[in-house]
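Novice: with the sequence up front, the predicted model follows.
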Amino acid sequence: MSDQQSSQELMSSDCLSGQVAIVTGGAQNIGKAIALSLARMGADGVIVDVDAEKAEETAGEIRDLGRKAISFRTNVTDGGEVSECIEKVVEKFGRVDILVNNAGITRDNLLLRMKDDEWESVLDVNLKGTYYFTKAVVRPMIKARRGRIINIASIVGVMGNAGQSNYAASKAGIIGFSKSVAKELASRGVTVNAVAPGFIETAMTRVLPEEVRKEFQSAIPLKRLGVSQDVANAVAFLASPAAGYITGQVIHVDGGMVM
Ligand SMILES: NC(=O)c1ccc[n+]([C@@H]2O[C@H](COP(=O)([O-])OP(=O)(O)OC[C@H]3O[C@@H](n4cnc5c(N)ncnc54)[C@H](O)[C@@H]3O)[C@@H](O)[C@H]2O)c1
């Protein structure tokens with residue numbers, strides 16, 4: 001199988017028809033690929049992002065697929081905005097079936113030089129944002145006795161990375177959070193899993209100098225950087241009926257970097 005073929009979408013039936021999927025950070029790159037994959041599987045979409053214009057563009061692409069979609073300019077670090085967003089979603093759609101906590105940022109620095117606001121902003125968006133959104137959907141999901149929560153972590157949360165102690169702490173936190181909430185919600189029919197991407201080709205990695213890219217590539221057993229669709233495929237599987245017996249797991253989408 002070629003690289004291109006392996007990155008193609010796998011779940012394309014209508015298995016999520018009638019379901020409502022919320023994707024935070026869904027305006028671009030990985031979040032957008034996830035939102036479109038879930039829509040192609042039949043889900044209606046709720047795109048949450050601080051970039052209102054691009055979030056609405058993603059929502060428009062979902063509507064072009066024949067699904068319903070709305071976008072919210074919601075900052076995941078603001079508990080009030082998050083509660084308001086979920087209230088409006090429940091008001092409009094009457095349900096929340098899938099939550100993908102994907103919004104994330106990096107503010108890299110060596111620990112010696114790390115500024116408090118670099119530490120706090122990364123922990124706030126990546127970890128506190130995941131906490132706020134998860135907490136906000138728990139009630140409607142428990143009421144429905146079903147739900148899928150998928151949190152985007154990173155292999156950096158497992159391996160660590162020099163210059164990313166704040167990011168690594170936030171992503172390791174997401175993994176511990178996901179496993180704990182998985183245990184709390186399993187008896188209510190709600191599964192909670194994490195996806196840990198490795199090096200994914202996005203705007204962030206495309207600007208790297210060629211020799212740095214080559215260095216990354218040689219450290220990856222599958223010898224290529226991932227693409228957003230690789231991550232979206234894992235999320236699509238976890239959201240699908242096929243993954244109903246999987247909870248509390250971390251799926252690495254990293255070309256074999258962590259094994
Ligand atoms: N790109 C990679 O190589 C890689 C690797 C491992 C993990 N990840 C994780 O995957 C996720 C998506 O990464 P990406 O590369 O697509 O990033 P990206 O920067 O392209 O997209 C992140 C999105 O989150 C939004 N966002 C940021 N702060 C927000 C906030 N406070 N409230 C709401 N939305 C906010 C941004 O506007 C943006 O649209 C992140 O959690 C990231 O940590 C990425």
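Specialist: Arrived safely, thanks for sending.
Novice: what ranges does the protein have for its helices?
Specialist: Remark: helices assigned in the chain by DSSP state H are 3-6, 29-40, 52-64, 79-93, 116-122, 129-144, 156-159, 165-185, 203-206, 210-218, 228-239.
Novice: and these: which comes nearest the ligand?
Specialist: With Cβ to the nearest ligand atom as the measure, helix 29-40 is the member of the helices of the chain nearest the ligand (3.0 Å). Any C-beta I mention is one placed from the backbone N, CA and C, and that applies to glycine too.
Novice: and that closest one, what does it pack against?
Specialist: Packing partners of helix 29-40 (3 or more Cβ pairs under 8 Å, 6 or more residues apart in numbering; DSSP states H and E): strand 20-24, strand 44-49, helix 52-64, strand 98-101, helix 228-239.
Novice: give me the spatial nearest neighbour of the closest residue to the ligand within the stretch 101-250 of the chain, chain neighbours excluded.
Specialist: Nearest residue of the stretch 101-250 of the chain to the ligand: Gly104, at 2.3 Å (Cβ to the nearest ligand atom). Spatially, and ignoring its direct neighbours in sequence, Gly104 is nearest to Asn126 (4.9 Å; Cβ to Cβ, 6 or more residues apart in numbering).
Novice: who are the contact partners of that neighbour?
Specialist: Taking Cβ atoms under 8 Å, 6 or more residues apart in numbering as the criterion, Asn126 is in contact with Ala103, Gly104, Ile105, Tyr167, Ser170, Lys171, Gly173, Ile174.
Novice: out of these, which is nearest to Tyr245?
Specialist: Nearest to Tyr245, judged by Cβ to Cβ, of those is Ile174 at 22.1 Å.
Novice: so what pLDDT did the residue nearest to that closest one when sequence neighbours are not counted get?
Specialist: Nearest non-adjacent residue to Ile174, counting by Cβ to Cβ, 6+ apart: Ala153, 4.6 Å away. pLDDT recorded at Ala153 is 98.
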